[in-house]
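Asker: Got a predicted structure here, sequence first:
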Amino acid sequence: QLVEFGGGLVQAGQSLTLSCKTSGFTFGDYTMGWFRQAPGKEREGVACINPNDGSTYYDDSVLGRFTISSDAAKGTVSLQLNRLKSEDTAVYFCAAGGFLGVRPMSGPEYHYWGQGTQVTVSS
C-alpha cells in the first residue's frame with residue numbers, strides 16, 4: 001500500500017514537499033518513483049530512486065528543481081518540489097517499480113501505486 005501526503009495549492013515560484021508512506025512490501029526490493037498526470041495529458045514519470053544506493057533519475061522537465069529522497073527505515077519516499085511552475089500542476093502519484101535501478105520511467109514497470117495527491121500551481 002502506498003499513501004501520498006502533501007499536495008496543495010501554491011503560487012508559481014514556491015515550494016512543496018510530497019511524501020509517500022509505504023507498507024506491505026519490502027521497501028528495499030523496489031525502485032520508488034513519482035509520476036504525474038495533468039488534465040488531458042498522459043501520465044509521465046518525474047523522478048525515481050533506488051533506496052539501496054540513493055541513485056536517482058529525473059525527467060528533464062524537473063531536473064534541478066525537484067529532489068527525490070527515501071528513508072528505508074521509515075519506508076517513505078519524498079519529493080521536494082522547488083521553483084514550481086504552472087505546468088507542474090497535476091495529480092502526483094507514488095509508485096513502486098518491480099526492479100532495482102534508475103532509468104527513464106515507464107508506468108507498466110511499476111507494480112504498486114498510491115491514490116494520488118493534487119498539486120496546483122497558480123501563476
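Answerer: That came through fine. Since the structure is predicted, the reported quantities are computational estimates derived from the model, not experimental observations.
Asker: Tell me which stretches of the chain form helices.
Answerer: Counting by DSSP state H, the chain has no helices at all.
Asker: So what pairs up with the residue nearest the centre of it in the strands?
Answerer: For the chain, the residue nearest the mean C-alpha position is Trp34 (2.1 Å; C-alpha atoms, centre = their mean). Note on Trp34: beta-bridge partners by DSSP bridges are Ala47, Cys94.
Asker: Near Asn52, how many other residues are there?
Answerer: Asn52 has 15 neighbours, counted by other C-beta atoms under 10 Å. Where C-beta positions appear, they are placed from N, C-alpha and C, glycine not excepted.
Asker: How confident was the prediction at it?
Answerer: For Asn52, the pLDDT comes out at 93.
Asker: Surely Gln118 is in contact with Pro39?
Answerer: No - the pair Gln118 / Pro39 is not scored as a contact, 10.7 Å apart, by C-beta atoms under 8 Å.
Asker: More neighbours: those two, which one.
Answerer: Gln118 (12 against 7).
Asker: From what I see, the residue nearest to the centre of the chain and Cys48 are in contact.
Answerer: Yes - shown here, Trp34 and Cys48 form a contact pair, counting by C-beta under 8 Å, at 7.4 Å.
Asker: Mind listing the shared neighbours of these two?
Answerer: Ile68 (C-beta atoms under 8 Å, 6 or more residues apart in numbering).
Asker: so what's the most far-flung residue of the chain relative to its centre closest to, chain neighbours aside?
Answerer: What lies farthest from the middle of the chain is Ser123; by C-alpha atoms, centre = their mean that is 22.3 Å. Of all residues not flanking Ser123 in the chain, Ser86 sits nearest, at 4.3 Å (C-beta to C-beta, 6 or more residues apart in numbering).
Asker: The closest residue to Arg83 other than its chain neighbours: neighbour count?
Answerer: Leaving aside its sequence neighbours, Arg83 sits nearest to Arg65 (C-beta to C-beta, 6+ apart; 4.8 Å). Neighbours of Arg65 under the rule other C-beta under 10 Å: 15.
Asker: Could you list which residues are in contact with Arg65?
Answerer: Taking C-beta under 8 Å, 6+ apart as the criterion, Arg65 is in contact with 81-84.
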